[in-house]
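Undergrad: here are the coordinates; sequence isn't available:
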C-alpha cells in the first residue's frame, strides 16, 4: 500500500468520527446548485461520488432521476440509505472508492461530487474515473473549497500543524481552482463559477466548540495534537481565522466560505 493509499484509511476515520450529517445540513445549498448545473431530472442516470450522507443524491432523486450514491465511509452510506427511506425516495447507496468506480464506461448521464472527490489522494485517477463513467454528451459537476476561501484556509492551518503528508500528496483544495480542474479534465469543456456557503452560530466560541464535536478534520486534529499539547495553539489560530472572517456585528457569527463549482462537458 502506497503512502497516498494510507490517506484513505485516515479519511474513512476522519469522516466517521464527529457528526458529518450535521455538517451536511449546512452545505445543502451547494448540492442544490450542483444538481441543477448537472441537469439532473426524470430519465437521467445520476451518480453522486463521495456522496457523504446523500445530499446531492437525494436532491437528484427528488427530480425524478435514477440515482446512485457512492462513498468510501460505511457509516455515511448507512445514514444516506436511511435518509432516502425516510423521505420515500428511490436511490441506491453503495460503499466504494472514487478512484476505482465499480461501473461500466458511459454508465451515467450526470456525475456530481460536492466537497467529496476533492479528498481523493490520487487526483488524476479520480478525475479519470468520473470521466470514464459519464457518457459522451453528459456532464460532470464538482464543488470544492477554494484555497483562498475560508474553508481552504482552515484546511491549510490544520495541515500545517499535523504530521507531514506522504510524498506525492496534493492538497484537496487544488480542486477549487479553475487551473487544476482544467488540467484534470484536459480535452473537455470546463466552465466554472465561484459561490459561497454561509455558516452561522451564536458566537465564534460556540462555533469552535461545535467543530470540536462534529467536524471530522477538527475532531481528528484535536485527537492527534492534544496529547502533545499542540491543540490549544491551533485552536487559537482557527478562532482568529473565523473572527477575521466574521461579518456579524452583534456578537454572533456569520461567515461565508468560498467554493468553486465546475461543470465539465464530456465529449
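TA: Great, that's in hand. Computed from a predicted structure; not experimentally measured.
Undergrad: those helices in the stretch 151-267 of the chain, which residues are they?
TA: Secondary structure of the stretch 151-267 of the chain by DSSP state H, counting those that start in this stretch: the helices cover 178-184, 204-214, 216-225, 231-245.
Undergrad: quick one: residues in contact with stretch 187-201.
TA: Under the criterion CB atoms under 8 Å, 6 or more residues apart in numbering, residues 26-27, 29-30, 33, 131, 146, 178, 181-182, 207, 210, 248, 252-267 lie in contact with stretch 187-201. No exception for glycine: its C-beta is placed from N, CA and C like everyone else's.
Undergrad: state the mean pLDDT of it.
TA: Averaging pLDDT along stretch 187-201 yields 98.
Undergrad: how about that stretch, which residues are buried there?
TA: The neighbour-count check on stretch 187-201 (16 or more other CB atoms under 10 Å) flags 188, 190, 192, 195, 197, 199, 201 as buried.
Undergrad: ok, stretch 166-182 next?
TA: The neighbour-count check on stretch 166-182 (16+ other CB under 10 Å) flags 171-177, 180-182 as buried.
Undergrad: a markdown table for the residues you listed, including distance to residue 235 and pLDDT?
TA: Output for the buried residues of stretch 166-182, formatted as a markdown table (distance: CB to CB, whole Å; pLDDT from 0 to 100):
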| residue | distance to residue 235 | pLDDT |
| --- | --- | --- |
| 171 | 22 | 96 |
| 172 | 22 | 97 |
| 173 | 21 | 98 |
| 174 | 26 | 98 |
| 175 | 27 | 98 |
| 176 | 24 | 98 |
| 177 | 28 | 98 |
| 180 | 30 | 98 |
| 181 | 32 | 98 |
| 182 | 37 | 98 |
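Undergrad: residue 56: which of those residues is nearest?
TA: residue 175 (15.6 Å; CB to CB).
Undergrad: tell me which of the helices of the stretch 151-267 of the chain sits most buried.
TA: Among those, the stretch with the highest mean neighbour count (mean count of other CB atoms under 10 Å) is helix 216-225, at a mean of 19.
Undergrad: quick one: residues in contact with that helix.
TA: Counting by CB under 8 Å, 6+ apart, 10, 13-18, 20, 23, 154-155, 158, 161-163, 211-213, 231, 234-235, 238 sit against helix 216-225.
Undergrad: can you give me the angle that helix makes with helix 231-245?
TA: Calculated by axes from the mean of the first three to the mean of the last three CA atoms, to 10 degrees, helix 216-225 forms an angle of 150 degrees with helix 231-245.
Undergrad: I'd like the numbering to begin with 266 instead of 1 from here.
TA: In the new count, where the first residue is 266, that last one comes out as helix 481-490.
Undergrad: what average pLDDT does helix 481-490 get?
TA: pLDDT averaged over helix 481-490 gives 96.
Undergrad: do the same with stretch 397-407
TA: Averaging pLDDT along stretch 397-407 yields 98.
Undergrad: tell me the contacts of residue 338?
TA: So residue 338 contacts 276-277, 280-281, 360 (CB under 8 Å, 6+ apart).
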